[in-house]
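> Can you look at this prediction? I've put the sequence above it.
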Amino acid sequence: KLGSRNAKRYQTTFQISNFKFLLIFLFLCNFAFAQNYSFDFEEFEKKPYEYVGNFQLQSEFSELSSASNLYKLSFLDKDFWDSYFASVQLKGSYEISKFKLIADLKDKISFTTDNDFENNFAIYESFLNVNPSTNFDFQIGKKSVKWGKGYIWNPVSFVGRQKDINDVDAGLEGFWMLKFAYVKSLSGIVQNFSISPIIIPVGKDINEDFADGEDINFILNNYFLVADTDFDLYLFFENNDFKKWGFDFARNILPSWEIHGEYVFEKDVTKKLLDSELTDDTHDYLLGTRFLFETNTTLIVEYLHNDSGLDEIQMGNFNTQFPMKDYVYAKLSQPEPFDILYFTPSIFVLYNLNDNSEMIGGEFSYSRFENINLKLKYNLMFGDSNSEFGGKISSKKLSLIYEYIF
């Protein structure tokens, strides 16, 4: 036994010695050939420019509802409707010292079964960002600003466009503005603070779709990180007159459980009815939660109240997003179920509490190939013919989307 132990000890010592010898040999080889080795630092230097492109093809197939009032008003005589879209979007930036120029351009072509052809070109963003210090910067030009904590709707989005319920993650076209931002980290219960004043002019040739008339709009956003809770306060003035204010918040109760909400008070809102107008103060709000299960399944549930929305009698033939007052939204998504790699299915329900109609949709995303995303979407409408979703001209819609990022 003693001989065997000595043999093992000798073998271990021999292995360690060989290992040391190998390290010394590699070191000497590296030293010998050091003069022939070159390292190009330029390959790792940050370039002053960045760019990304997005090419998308989309086909939509809709089954039309002959019971819908919109179907009757359109004088249609068909059961199905096909639409085809192609778009190219280019984003880029160029940076010199403390100045950075950003541009986002999109061109979209659409074609329907009635041989209707349309080409839409839009400048989503085109602005100059100046960063004179670590705490302060400002932008001037056309910029997209996304405010709010809600997933499907943001009543506090005072300077941005509302999301499309069929594609809530899509980029949104901005407005021409002058935006400042000051950020400061603090110690104590308030951990972070920022203030962002924005000026948006509205005239004949600028921001015509932001508001009616010719105005100078001043919007102020104050952000606080208080005891691990995100909190924003918003103020909106039109030609020095107070128009609305609001706030939002978001907090993680548990690492896997988050709650969020938004509230807006707006003064003297005019609601246009079919044959009259009504002016009153409004209170819009949203409450929601997001939960991540141990299976990596994500559940989002939100309740939204649109105070300026119509009631069931006033609804008539309006065809817009959230035209009524109260909705509940729920979405469930699961990446790579049953170990199917690159595959993410999701399902959502948008329920109108006022007329008991609903939209149920599903999305199936597959990203197996580099820089390519494939999506299939399916929407179903349910409800009476005079309800919001039951009255939609399309009762079923299937969308096929091909996306290439370059």
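Happy to help now that I have it.

> Leu105 and Arg290, how far apart?
Per C-beta to C-beta, to the nearest Å, Leu105 is found 33 Å from Arg290. Every residue, glycine included, has its C-beta placed from N, CA and C.

> more neighbours, these two?
Arg290 (19 against 15; other C-beta atoms under 10 Å).

> Please report phi then psi for the more buried one.
Per-residue torsions, Arg290: phi -130, psi 130 (degrees, to the nearest 10).

> which residues does the closest residue to it other than its chain neighbours bridge with?
Excluding the flanking residues, the one nearest Arg290 by C-beta to C-beta, 6 or more residues apart in numbering is Glu258, at 4.6 Å. Glu258 has these beta-bridge partners by DSSP bridges: Asn252, Arg290.

> didn't Glu258 look like it was pressed against Phe249?
No. With contacts counted by C-beta atoms under 8 Å, Glu258 stays clear of Phe249, the gap being 10.8 Å.

> So what pairs up with Ala86 in the strands?
Leu57, Ile109.

> how close does it sit to Ile109?
Taking C-beta to C-beta, one finds Ala86 at 5 Å from Ile109.

> What of Asn192?
The value you get for Asn192 to Ile109, if C-beta to C-beta is used, is 44 Å.

> ok, back up a step: so who does the residue nearest to Arg290 touch?
Contacts for Glu258 (C-beta atoms under 8 Å, 6 or more residues apart in numbering) come out as 250-252, 289-291.

> Just name the closest of those residues to Asn371, please.
Arg290 (28.5 Å; C-beta to C-beta).

> you'd agree Asn354 is in a strand?
No. Under DSSP: H, G, I helix; E, B strand; the rest coil, Asn354 falls outside any strand and is assigned coil.

> hey, what's the closest residue to it other than its chain neighbours bridged with?
Once flanking residues are discounted, Asn354 sits nearest to Met324: 4.7 Å by C-beta to C-beta, 6+ apart. For Met324, the beta-bridge partners are Leu310 (DSSP bridges).

> neighbours of Phe175, just the number please.
Neighbour number of Phe175 under other C-beta under 10 Å is 21.

> residue contacts, the residue lying closest to Phe136 once chain neighbours are set aside?
In this structure, Phe136 finds its nearest non-sequential neighbour in Tyr182, 5.2 Å apart by C-beta to C-beta, 6+ apart. Contacts for Tyr182 (C-beta under 8 Å, 6+ apart) come out as 135-136, 194-196.

> for Met177, same thing?
Contacts of Met177 by C-beta under 8 Å, 6+ apart are 139-143, 145, 159, 198-200.

> Which PyMOL command selects the buried ones in these?
Here is the PyMOL command that selects the buried residues among those (16 or more other C-beta atoms under 10 Å):
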select buried, resi 139+141+142+143+145+159+198+200
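
> List the ones among the contacts of Met177 that fall in helices.
Counting by DSSP state H, the contacts of Met177 place none of their members in helices.

> Would you reformat the contacts of Met177 as a markdown table and include distance to Thr344?
Shown next, in a markdown table, are the contacts of Met177 (distance: C-beta to C-beta, whole Å):
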| residue | distance to Thr344 |
| --- | --- |
| Gln139 | 34 |
| Ile140 | 39 |
| Gly141 | 35 |
| Lys142 | 33 |
| Lys143 | 30 |
| Val145 | 28 |
| Val159 | 32 |
| Ile198 | 35 |
| Ile199 | 41 |
| Ile200 | 37 |
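
> In JSON lines, list the contacts of Met177 along with pLDDT and distance to Gln334.
Converted to JSON lines, those look like this (pLDDT from 0 to 100; distance: C-beta to C-beta, whole Å):
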{"residue": "Gln139", "pLDDT": "98", "distance to Gln334": "38"}
{"residue": "Ile140", "pLDDT": "98", "distance to Gln334": "43"}
{"residue": "Gly141", "pLDDT": "98", "distance to Gln334": "40"}
{"residue": "Lys142", "pLDDT": "98", "distance to Gln334": "38"}
{"residue": "Lys143", "pLDDT": "97", "distance to Gln334": "35"}
{"residue": "Val145", "pLDDT": "96", "distance to Gln334": "32"}
{"residue": "Val159", "pLDDT": "96", "distance to Gln334": "35"}
{"residue": "Ile198", "pLDDT": "98", "distance to Gln334": "39"}
{"residue": "Ile199", "pLDDT": "98", "distance to Gln334": "44"}
{"residue": "Ile200", "pLDDT": "97", "distance to Gln334": "40"}
